[in-house]
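Asks: Sequence first, predicted model second:
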Amino acid sequence: MQGVLSGFAVIAVVIGVGYAIGRRGYLGGQGREVLTKLAFHVASPALLFTTLAGADLSVVFSTRLLVTALGTAAVAGVFVAVGVVRRWGVGRTTIGALCAGYVNSGNLGIPIAVYVLGDASLVAPVLLFQLVGVTPIAVTILDLTTGGSRRPLWQRLLTPLRNPIALGSLAGVAVSAAGVRVPGPVMDPLTLIGNMSVPAVLLAFGISLRGSTLPLRGGERAPVLLAVALKTVAQPLIAWALAAGVFGLRGAALLDVVVTSALPAAQNLYTYASTYRVGEVLAREAILLSTVVSVPGLVVVAAVLG
């Protein structure tokens with residue numbers, strides 16, 4: 001219980017600081033945009049590289065990862081199907097699908113893994129799956145559908161190799177797979193830069209709340225409600241059904257899978273939406289509402305399965 005509340009408290013404080021900065025105008029009119037670009041182009045790639053460069057890639061083949069991948073694919077597939085029927089557009093639907101299945105495995109998942117599950121490494125499977133599998137695919141789709149189509153074919157085919165998020169992820173995996181130890185003089189500056197990622201994302205998110213209307217008041221009501229319902233209710237239920245009913249997981253392993261699936265949508269999804277200028281309101285409201293709704297959900301999961 002303490003881990004759940006502690007993790008959310010940290011996020012709430014930093015977002016609150018961002019909101020206060022926005023109200024006072026300390027960073028000027030372009031503060032949110034600067035923080036977003038800093039996180040997307042510099043800090044986040046550094047964080048992904050340093051995280052994955054020292055990761056144990058054997059977790060990629062674990063049962064827990066398979067449950068996570070299937071659950072994510074299920075809820076994302078539902079959102080995509082509805083998005084196609086409702087004609088929400090490729091970019092907007094991509095952001096919504098991410099909000100429905102991409103969990104906050106970093107700045108919230110890690111402290112919860114420590115305090116609730118007792119081991120920070122238990123969040124590694126979902127972290128690796130999202131960084132190596134989901135993120136490069138999603139940002140490539142966003143890049144191709146928000147301006148990339150005007151470029152030559154050969155440039156579009158090389159899109160994954162041009163995106164900073166994808167580059168950071170793939171470089172980290174390559175280093176880990178090769179068993180290379182990055183020297184301290186190289187890794188230490190990258191670690192320092194990467195440490196800016198989460199604060200920058202949270203502060204930018206807080207600044208974006210300044211002057212925003214209350215959630216569900218605008219034209220994004222339907223996709224926001226769908227994304228939040230899939231993220232906070234459907235995904236953990238699917239994970240529980242698969243883990244317990246199909247793969248026979250019990251005890252701590254079952255708790256780990258369900259807790260990580262019940263985490264809210266990640267704050268860095270707003271960075272992607274803001275960078276590509278698509279689905280920004282959808283991302284902001286879905287992240288905010290899923291974070292609020294997931295608090296009692298995580299408490300219930302920890303109480304029932306713990």
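Replies: The structure has been received and is ready for your questions.
Asks: Could you look up the SS state of Leu131?
Replies: helix (DSSP: H, G, I helix; E, B strand; the rest coil).
Asks: Off-centre distance for stretch 286-301?
Replies: Put simply, stretch 286-301 sits 15 Å off its chain's centre (Cα atoms, centre = their mean, to the nearest Å).
Asks: Out of the helices and strands in the protein, which is least certain?
Replies: The helix or strand of the chain with the poorest confidence is helix 153-157; it has a mean of 57 (mean pLDDT, DSSP states H and E).
Asks: Thr50 and Gly194 touch, don't they?
Replies: Yes - between Thr50 and Gly194 there is a contact under Cβ atoms under 8 Å: 5.1 Å. Using the backbone N, CA and C atoms, a C-beta is placed for each residue, glycine as well.
Asks: Quick check: chain neighbours aside, which residue is closest to Ile95?
Replies: Of all residues not flanking Ile95 in the chain, Gly279 sits nearest, at 3.3 Å (Cβ to Cβ, 6 or more residues apart in numbering).
Asks: coming back round to it: and the next helix or strand along the chain from the least confident helix or strand of the chain, what's its mean pLDDT?
Replies: Later in the chain than helix 153-157, the nearest helix or strand by DSSP states H and E is helix 164-178. For helix 164-178, the per-residue pLDDT values average out at 87.
Asks: Same question for stretch 273-293.
Replies: Per-residue scores along stretch 273-293 average to 91.
Asks: what packs against the helix or strand that contains Leu226?
Replies: Here Leu226 sits within helix 221-229, counting by DSSP H and E. Helix 221-229 sits against helix 63-86, helix 90-101, helix 280-305, with contacts defined as 3 or more Cβ pairs under 8 Å, 6 or more residues apart in numbering; DSSP states H and E.
Asks: Just the pLDDT for the residue lying closest to Thr63 once chain neighbours are set aside.
Replies: Once flanking residues are discounted, Thr63 sits nearest to Phe247: 5.2 Å by Cβ to Cβ, 6+ apart. Looking at Phe247, its pLDDT reads 94.
Asks: And Phe247, how close does it get to Ala73?
Replies: 16 Å (Cβ to Cβ, to the nearest Å).
Asks: got it, and Ser274?
Replies: 25 Å.
Asks: could you list every residue that touches the nearest residue to Thr72 once chain neighbours are set aside?
Replies: Leaving aside its chain neighbours, Thr72 sits nearest to Gly101 (4.1 Å; criterion: Cβ to Cβ, 6+ apart). Contact analysis of Gly101 by Cβ atoms under 8 Å, 6 or more residues apart in numbering lists 71-73, 75-76, 79, 134, 230-231, 235.
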